[in-house]
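Q: Okay, structure incoming, though there's no sequence with it:
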C-alpha cells in the first residue's frame, strides 16, 4: 500500500498512542495525536515488567534507547507467612521468569521523545467521533475543531470513548478487588538482598502482593539507589467503591486514587490489615511507604478491534487484569501489528481486517488468562505453606490453562 499521505488521527497519548504514532509515522502516514492532558503524562513512579525478549524488540525497533535502565526479574518468588517463617515467609515456589522491570515513566518518556511535538497535540480533548463516509472519520474536539482522517486509532484507555461508541455493549466488569500500590526508596530498607532475584509475590487469604526493584528516579540501577515498587490485591465490595475512591478532599474519582489523594484513615486501615497478612520483611516496606495509591481491577472482552475506519488499541480494546503483566506489552503489540499489517497489504481494508482478526483473538484470550490468574491468585488462593514447588506447579497448572506463549504473539 502507498501509505504516503494516509491521514491518521490517534486519540490518547500514552503507551499505545505514542507507539502507534511512531510506527505509523515511520511507514509514511500523516499522523496527528490528541492527548487530553498536558504534554507530560503523570508518572506515579510505578514499575512495570515486560518479557526480556520484548525489551530487546523495543530496542531493535528503536522504540526505546539501548541504554534504557531496567532490573532483571528471574523469578516470581511465592511465599506465605507462617508462625515459623514470620519474617520472610515460607518459600513455596521460585516460579521461573525472564522479565525486564522498569519504570513506567522511563518507558513513556522514551516513546514520547520519538513523537515530534508537531504531531503530539497536548490538551486537546476529543469530544466525539463522527463517521462521515466509509473512508472518512471526523474527530470532534472540545474546542470546536473537527479535523477529518482516513483512519482513527483510539488509544484512550480502559474508559475509551472509541470503545463506548463502537461497542456500547462491551462494558468493563469489576473483578471484586483493587490493587493498592506504593513505592519506597531502597535507602529506606533494612536489607536489600531478599529482593535481588526478581518479583516477590507473598500470598495471603484473599490475595497476594508484588514487590520488586525498578530503577531509581534518575535511572540508576546501582545498589542503594533503586526504588521498590509494590502492590497488594485487596477485596473491596463494589457497593463500597465510590467511598473507597473518595479522596481526602472529598472528591470522588472514577476507579482510582492518585498518590497523595488517599485519606490517612483509609491508608492506615489498609496497613493494619496488611500487618496480619504479609511476612514482616514485606510489611516493613508497606508500612514505611507514604502517598500510596490504588485502582480498581476490571475485565473487558470486545467483539472486535475495529469498525469501519475506527480502531482500538491498548486498554481501549480488550482489557486484562494486571496479573498478566502484559498491559504495556499488549499496547505496544497492538500498535506494531497495525503498522506491519498496513505496510504488508495492498489495500487498507484488507490490512485492517487481518489486524482486527488477530488482535481480537489474541487479546480476548489474554483477558481469559487474566481471569484465570485472578481466580488462582486472589479469589480462590490456597494456603501455599501446605505445598512444595512440585505441588505449586501442579496446582497452578490445574487452574491456568491459557498458554502464556500468547503474550509473545505479534512481537
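A: All right, it came through fine. Everything quoted here is computed from the prediction, not taken from an experiment.

Q: got the buried residues for the longest helix seen in the chain?
A: Longest helix in the chain, counting residues (DSSP state H): helix 348-374. Burial within helix 348-374, assessed by neighbour count using 16 or more other CB atoms under 10 Å, is assigned to 348, 351-352, 354-356, 358-360, 362-374. Backbone N, C-alpha and C define where each C-beta goes, glycine included.

Q: same deal with stretch 124-132?
A: 124, 126, 129.

Q: and the second one, what are its phi and psi?
A: Spelled out, that is residue 126. With angles defined as degrees, to the nearest 10, residue 126 sits at phi -90, psi 120.

Q: what does the first one give?
A: The phi and psi torsions at residue 124 (degrees, to the nearest 10) take the values phi -120, psi 100.

Q: in the sheet, who's paired with the nearest residue to it once chain neighbours are set aside?
A: The shortest distance from residue 124 to any non-neighbouring residue, by CB to CB, 6 or more residues apart in numbering, is to residue 34 (4.3 Å). Listed beta-bridge partners, residue 34: residue 11, residue 121 (assigned using DSSP bridges).

Q: ok, now which ones touch residue 34?
A: 9, 10, 11, 12, 13, 121, 124, 125, 126, 139, 141 (CB atoms under 8 Å, 6 or more residues apart in numbering).

Q: Make JSON lines out of those residues and add pLDDT.
A: Below are these laid out as JSON lines (pLDDT from 0 to 100):
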{"residue": "9", "pLDDT": "98"}
{"residue": "10", "pLDDT": "98"}
{"residue": "11", "pLDDT": "98"}
{"residue": "12", "pLDDT": "96"}
{"residue": "13", "pLDDT": "95"}
{"residue": "121", "pLDDT": "95"}
{"residue": "124", "pLDDT": "95"}
{"residue": "125", "pLDDT": "95"}
{"residue": "126", "pLDDT": "97"}
{"residue": "139", "pLDDT": "98"}
{"residue": "141", "pLDDT": "97"}
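
Q: Which one (most neighbours) among those?
A: residue 10 (33 neighbours; other CB atoms under 10 Å).

Q: Quick one: residues contacting it.
A: 17, 20, 21, 24, 31, 32, 33, 34, 152, 153, 155.

Q: that older thread, and the buried residues of stretch 124-132, which is closest to residue 237?
A: residue 126 (33.6 Å; CB to CB).

Q: Thought residue 140 was touching that closest one, still the case?
A: Yes. Between residue 126 and residue 140 there is a contact at 7.0 Å, judged by CB atoms under 8 Å.

Q: longest strand in the protein, by residue count?
A: strand 85-103 (DSSP state E).

Q: Give the pairing partners of it; include direction for each.
A: Strand 85-103 is paired, per DSSP bridges, with strand 47-51 (antiparallel), strand 71-82 (antiparallel).

Q: hey, which of the ones you listed is tucked in deepest?
A: Compared across the strands paired with strand 85-103, strand 47-51 shows the largest average neighbour count, a mean of 24 (mean count of other CB atoms under 10 Å).

Q: what about that strand, average pLDDT?
A: For strand 47-51, mean pLDDT is 85.

Q: Compute the distance from the centre of that strand to the centre of its chain.
A: 9 Å (CA atoms, centre = their mean, to the nearest Å).

Q: Identify all contacting residues around that strand.
A: 58, 73, 98-104, 107, 183, 199, 212, 214, 227, 229, 325, 327-329, 407-408.

Q: helix or strand right after it?
A: helix 52-60 (DSSP states H and E).

Q: buried set for that next one?
A: Buried residues in helix 52-60, defined by neighbour count with 16+ other CB under 10 Å: 52, 54, 55, 57, 58.

Q: Off-centre distance for that helix?
A: Put simply, helix 52-60 sits 17 Å off its chain's centre (CA atoms, centre = their mean).

Q: again with stretch 197-212
A: For stretch 197-212, the distance to the chain centre is 17 Å (CA atoms, centre = their mean).

Q: ok, and what's touching that stretch?
A: Counting by CB under 8 Å, 6+ apart, 47, 49, 71-81, 89, 92, 94, 97, 99, 101, 177, 194-195, 228-235, 277-279, 282, 285, 377-378, 381, 383-384 sit against stretch 197-212.

Q: what does stretch 106-126 give?
A: Looking at what lies outside stretch 106-126 - CB under 8 Å, 6+ apart - the contacts are 11, 13-15, 18-19, 21-22, 25, 31-41, 43, 48, 62-65, 68-69, 139-143, 156, 161, 215, 219, 328.
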